[in-house]
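Undergrad: I would like the atomic coordinates for the input below:
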Amino acid sequence: MKPKIHKEEILLEDGRSIIIETGKLAKQAHGSAVISMGNCMLLATVVSNYNSANVDFLPLTVDYREKFAAAGKYPGGFFKREARPSDNEVLTMRLVDRVLRPLFPKDYHNEVQVMIQLMSHDDDVMPDALAGLAASTVIQLSDIPFECPISEVRISRIENKFIINPSKEQLLESDIDMIVGASYDSVMMVEGEMKECSEEEMAEAIKNAHDFIKIQIDAQNKLVKKVGAKKTREYETAEKNEELENKINELAYNKCYDIAKKGLSKTERSDAFSKLKEEILESFSEEEVEENGTLIEKYFNSSEKNAVRELTLKKGIRLDGRKTDEIRPIWCEVDYLPSTHGSSIFTRGETQALATVTLGTSKEANQIDLPSFKGEESFYLHYNFPPFSTGEARPLRGTSRREVGHGNLAQRSLKNVIPEDCPYTIRVVSEILESNGSSSMATVCSGSMALMDAGIKIKSPVSGIAMGLISDGKNHAILSDILGDEDHLGDMDFKVTGTKKGITACQMDIKIKGLSYEILIKALNQAKEGRLHILEKMLETIDKPNDNVKEHAPKMVKLTIPGEFIGAVIGPGGKVIQELQKETDTTIVIEENNEEGLIEILGVNQTKINHAIEKIKNITFKPEAGKTYNVTVIKILDFGAVVEFVPGNEVLLHISEIAWERTNNVQDVLKVGETIDVKYFGIDPKTRKPKVSRKALLKRPDRNNNS
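TA: Here you go, the predicted model:
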């Protein structure tokens, strides 16, 4: 039987459209839809188990994958099958997860799996901008409990005009690139990069994105109405005990408040709260603890959270004793590691990042091979978060999604200050050695200093700060440089990076409804004050890039040669270039580009680099007809002399071209090792060989005097 298909179309200002469709594919999923824009098609599904997972959290999985077949491509590598998700796919999963997760009921613990797949690719459409719309649509079509529809859009700005869901080509011209996630009433998530824009410009971009998100939410509601809304399923709710909750609150709240206002360190505070929790547990019998232990712990954590929030809102006092706009003590150091090409330590409070810089050739560029994008990055940053940084011992299971996300934010913060003419491929690695609040922002600061220590002429140094917000609906407190504990108890946490001129990147997660743009701009301006304070501390350690790369760091020289000489420089089977690299202790990379050869020479010893340059110039030397050259005689023959323009580039000076007078013996006129001037005539049409002449530069004898 032919399926009954329902569609809704969303029109963009430039005439493009987005179509959401359901009823044709994946009908056994609890919700399914196809989202199309141009030739781009995403298939989204959602399934949630009907039984609780017996955990006290929501086991939500958001999975986004791009199929190579969608772009008519084969997966790279030996096994021609899609494997683990790429960093780009992981980043898209995080963007969607961060908006969806807060909207499920807090007591809904049934496993939920949202799957989004790129089934058809369009070069003019960036699919990650449609993933949030796809996820929300399928949840709305299901019976899964969910507070309200949401959507996400990418917004960019080109010549002061905002564009929704731009193409990759348009993004190259833009100075703002953000993805915004929101419900109809509230902005919930923002992530993106800018080219030093102001706080007001960023807020304006968010507002424009939110306006279009409302249109997408209207389309979802219309589609659900066409299909027929499903009745929300009933589910097993978490156990509640109001009497126990009140008792725990009476026992814990005031004591938590007293601990919070002491301004203890992370370890001292954690020990104090743990000790209090143990005391409260000991006040119950073994039977009561066995029966209600989970609830006791849950209600204690709630009392702790409420006490800390109350202290900050009413007294303006934070867990470590700081004022709301106060930054923790900072100390920095550069050139810490003697063998790296650049290094720095950035320590702010109990968060510490050690960054290193490695310089290389284009061979070390990060290769990206995806169905939706193929290219390379000449600047990239990796972020590592080992368990010892938080005093824990846990298994290492490869790079986590969190590490990918934090590294990407730091990379986006720094990439636009790398000069366009930088000859190197640059890899920055951030090792988090201590963590208590925003290690990603510490990475930005340490990465910026390490780049300057490495001698990279960045346009401006970049600093970053993590901010928080606590609100009870009437009062609010904006927190600068938040602690790890403040991150999860607040109503908004956001990270902002930038130079003295403006913002370079941001990441926001907003947990309260109806946050006004006035409060948002106020928070952004307080963040600006904080990051400029942090920047001043960084500049006290290193205020500008070093004049040169370190002595042991590689020096890079780039040359361009005519395409016809590429084969000569490489040699048969690579013999010439391999011998040259070995002889000069350099790395030489050659790429062909528009009938030219682009050569990169990387080495530590400048003298050896100069020798490699000279060798390549000799191989590619091509004399011009009509010009005079100073040559060296390297061999005497009966019929002339072999002369050398440059080492390895020889030509025959015929005996008849040595002098106007008859030359009987070449050795009577020329000696090996002697330098002479000759004129180059190009290829002789008779002999089809290059022709040079010495006598052409000499005064011709007067024939009358010789007669």
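Undergrad: am I right that residue 636 is in a helix?
TA: No. The assignment for residue 636, made by DSSP: H, G, I helix; E, B strand; the rest coil, is strand rather than a helix.
Undergrad: could you measure from the closest residue in space to residue 104 that isn't next to it in sequence over to residue 46?
TA: Excluding its sequence neighbours, the residue lying closest to residue 104 (Cβ to Cβ, 6 or more residues apart in numbering) is residue 58, at 5.3 Å. Placement of C-beta: from N, CA and C, glycine included. Here residue 58 is placed at a distance of 13 Å from residue 46 (Cβ to Cβ, to the nearest Å).
Undergrad: show me which of these two is the more surrounded one.
TA: residue 46 (28 against 19; other Cβ atoms under 10 Å).
Undergrad: where along the stretch 551-700 of the chain do the helices fall?
TA: 566-570, 575-584, 606-619 (DSSP state H, counting those that start in this stretch).
Undergrad: partners of residue 114 in the sheet?
TA: With DSSP bridges as the criterion, residue 114 is bridged to residue 46, residue 62.
Undergrad: gap between it and residue 477?
TA: 34 Å.
Undergrad: so for the two, which sits in the more crowded spot?
TA: Taking neighbours as other Cβ under 10 Å, residue 114 and residue 477 compare with residue 114 leading, 27 against 22.
Undergrad: got the CA coordinates for whichever helix or strand residue 99 is part of in PDB?
TA: Per DSSP states H and E: residue 99 is located in helix 87-100. Taking Å, rounded to 0.1, in the frame of the first residue of the first chain, the C-alpha atoms of helix 87-100 are listed here in PDB:
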ATOM      1  CA  ASP A  87      35.400  14.900  14.900                       C
ATOM      2  CA  ASN A  88      32.900  16.800  12.700                       C
ATOM      3  CA  GLU A  89      30.200  14.300  13.300                       C
ATOM      4  CA  VAL A  90      30.900  14.300  17.100                       C
ATOM      5  CA  LEU A  91      30.700  18.100  17.100                       C
ATOM      6  CA  THR A  92      27.200  17.900  15.400                       C
ATOM      7  CA  MET A  93      26.100  15.300  18.000                       C
ATOM      8  CA  ARG A  94      27.100  17.600  20.800                       C
ATOM      9  CA  LEU A  95      25.300  20.600  19.200                       C
ATOM     10  CA  VAL A  96      22.000  18.700  19.100                       C
ATOM     11  CA  ASP A  97      22.400  16.900  22.500                       C
ATOM     12  CA  ARG A  98      22.900  20.200  24.400                       C
ATOM     13  CA  VAL A  99      19.600  21.600  23.200                       C
ATOM     14  CA  LEU A 100      17.500  18.400  23.600                       C
END
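Undergrad: under a three-state scheme, what state does residue 58 occupy?
TA: Here residue 58 is recorded as coil under three-state DSSP.
Undergrad: hmm, it is touching residue 103, no?
TA: No. Residue 58 is beyond contact range of residue 103, at 10.3 Å (criterion: Cβ atoms under 8 Å).
Undergrad: returning to what we had before: dump the helices of the stretch 551-700 of the chain to a markdown table, plus distance to residue 348, mean pLDDT and mean neighbour count.
TA: Converted to a markdown table, the helices of the stretch 551-700 of the chain look like this (distance: least, Cβ to Cβ, whole Å; pLDDT from 0 to 100; neighbours: other Cβ atoms under 10 Å):
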| stretch | distance to residue 348 | mean pLDDT | mean neighbour count |
| --- | --- | --- | --- |
| helix 566-570 | 50 | 89 | 16 |
| helix 575-584 | 44 | 92 | 15 |
| helix 606-619 | 38 | 90 | 17 |
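Undergrad: dump these to JSON lines, plus distance to residue 52.
TA: Shown next, in JSON lines, are the helices of the stretch 551-700 of the chain (distance: least, Cβ to Cβ, whole Å):
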{"stretch": "helix 566-570", "distance to residue 52": "65"}
{"stretch": "helix 575-584", "distance to residue 52": "64"}
{"stretch": "helix 606-619", "distance to residue 52": "66"}
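Undergrad: can you tell me which of those helices is nearest to residue 345?
TA: Closest approach to residue 345 among those (Cβ to Cβ): helix 606-619, 29.6 Å.
Undergrad: please state the offset of that closest one from the chain centre?
TA: Mean-position distance between helix 606-619 and its chain equals 36 Å (Cα atoms, centre = their mean, to the nearest Å).
Undergrad: how about that helix as CSV, C-alpha atoms only?
TA: C-alpha atoms of helix 606-619 as CSV (Å, rounded to 0.1, in the frame of the first residue of the first chain):
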residue,chain,number,x,y,z
GLN,A,606,69.9,27.9,7.9
THR,A,607,73.2,27.3,6.1
LYS,A,608,71.9,23.8,5.0
ILE,A,609,68.6,25.3,4.0
ASN,A,610,70.4,27.9,1.9
HIS,A,611,72.4,25.1,0.2
ALA,A,612,69.2,23.3,-0.7
ILE,A,613,67.8,26.5,-2.1
GLU,A,614,70.9,27.0,-4.2
LYS,A,615,70.8,23.5,-5.5
ILE,A,616,67.2,23.8,-6.6
LYS,A,617,67.9,27.2,-8.2
ASN,A,618,70.7,25.6,-10.1
ILE,A,619,68.5,22.7,-11.3
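Undergrad: which other helices and strands contact that helix?
TA: Other elements packing on helix 606-619 under the criterion 3 or more Cβ pairs under 8 Å, 6 or more residues apart in numbering; DSSP states H and E are strand 555-562, helix 566-570, helix 575-584, strand 596-603.
Undergrad: quick one: residues contacting residue 475.
TA: Residues near residue 475 by Cβ atoms under 8 Å, 6 or more residues apart in numbering: 313-314.
Undergrad: which elements pack onto the helix or strand where residue 493 lies?
TA: In this assignment (DSSP H and E), residue 493 forms part of strand 492-498. Contact partners of strand 492-498 among helices and strands, from 3+ Cβ pairs under 8 Å, 6+ apart: helix 401-415, helix 439-453, strand 463-471, strand 503-510, helix 517-541.
Undergrad: downstream neighbour of the first one in the secondary structure list?
TA: Sequence-wise, the next helix or strand downstream of helix 401-415 (DSSP H and E) is strand 425-434.
Undergrad: quick one: strands adjacent to that following strand?
TA: Sheet pairing of strand 425-434 (DSSP bridges) gives strand 351-360 (antiparallel), strand 379-384 (parallel).
Undergrad: just put these in a markdown table and tack on mean pLDDT, mean neighbour count and distance to residue 226.
TA: Formatted as a markdown table, those follow (pLDDT from 0 to 100; neighbours: other Cβ atoms under 10 Å; distance: least, Cβ to Cβ, whole Å):
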| stretch | mean pLDDT | mean neighbour count | distance to residue 226 |
| --- | --- | --- | --- |
| strand 351-360 | 96 | 24 | 51 |
| strand 379-384 | 96 | 22 | 45 |
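Undergrad: touching, residue 427 and residue 365? I think so.
TA: No. Contact criterion Cβ under 8 Å: residue 427 and residue 365 do not qualify, at 9.6 Å.
Undergrad: who's more crowded, those two?
TA: Comparing residue 427 with residue 365 by other Cβ under 10 Å, the one with more neighbours is residue 427, at 20 against 17.
Undergrad: measure that one to residue 340 for me?
TA: For residue 427 relative to residue 340 (Cβ to Cβ), the value is 11 Å.
Undergrad: overlap in contacts, the two.
TA: Shared contacts of residue 427 and residue 340, defined by Cβ under 8 Å, 6+ apart, are found at 357-358.
Undergrad: circling back to that earlier point, most tightly surrounded among the helices and strands packed on strand 492-498?
TA: Mean neighbours per residue, mean count of other Cβ atoms under 10 Å, is largest over the helices and strands packed on strand 492-498 for helix 439-453, with a mean of 29.
Undergrad: avg pLDDT for that helix?
TA: Averaging pLDDT along helix 439-453 gives 97.
Undergrad: that helix vs strand 492-498, what angle?
TA: 10 degrees (axes from the mean of the first three to the mean of the last three Cα atoms, to 10 degrees).
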